[in-house]
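> Fold the following for me, if possible:
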Amino acid sequence: MNDAQSMAWYKQFWPWFIVVLLGAAVTASLVTVWIAFAAAPERVDGAGLLAVPVEISANQEILTFDLGLAPPGESWPEHLRVTLVSRPDGRTQQMRAERIDERRYKTPVKVLEPGAHEVMLQAETLTLRGSWAYPAPVWKLERDE
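This is a model prediction of the structure:
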């Protein structure tokens, strides 16, 4: 028998090399997780904004939007005044939206040009305002207090 065959496994190089390699991989992954949690960015998606899905009918005459479920203890009003202001030229459209179920509204709309619009939804006790980049399918609104 030569020396390599007679030595115990823990006295050989390769088992320890593999153990150290695996340990380094585990340590590096734990450090990566720690860095990810320690340096997590603030939310940049508009935290606190209400994302309102919007649909326009195929002939572009009916605008439908979904406010989602009302806050606890409240309900959405039956009618909303909808104001759309085109940012480039300042053209204003005012419409009256009718509630069609507990969360969705629809209103007739004039032809909309693609581009940025200011959006305001108003009722007696509610005002939501924000922006819309038409034809994007979502309004980003915040509640006025």
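> Who does the closest residue to residue 113 other than its chain neighbours form a beta bridge with?
Leaving out its chain neighbours, the residue that sits closest to residue 113 by Cβ to Cβ, 6 or more residues apart in numbering is residue 86, at 6.6 Å. Yep, even glycine has a C-beta here, placed from its N, CA and C like the rest. Beta-bridge partners for residue 86, by DSSP bridges, are residue 117.
> Tell me how many other residues crowd residue 86.
16 (other Cβ atoms under 10 Å).
> Isn't it up against residue 117?
Yes: applying Cβ atoms under 8 Å as the test, residue 86 and residue 117 come out as touching, 5.6 Å apart.
> From the chain's centroid, how far away is stretch 111-119?
Centroid separation for stretch 111-119 versus its chain: 21 Å, with Cα atoms, centre = their mean, to the nearest Å.
> Only the buried residues of stretch 130-145, if you could.
For stretch 130-145, a neighbour-count test (16 or more other Cβ atoms under 10 Å) marks 130-132, 134, 139-141 as buried.
> before we move on, what about stretch 77-92?
77, 80, 82-86.
> phi, psi of residue 30?
Note on residue 30: backbone dihedrals following degrees, to the nearest 10 are phi -70, psi -40.
> Can you get me a residue count around it?
Neighbours of residue 30 using other Cβ under 10 Å come to 10.
> What are the boundaries of the helices in this structure?
3-6, 13-38 (DSSP state H).
> So what's the model's average confidence on the shortest one?
It refers to helix 3-6. The predicted model assigns helix 3-6 a mean pLDDT of 68.
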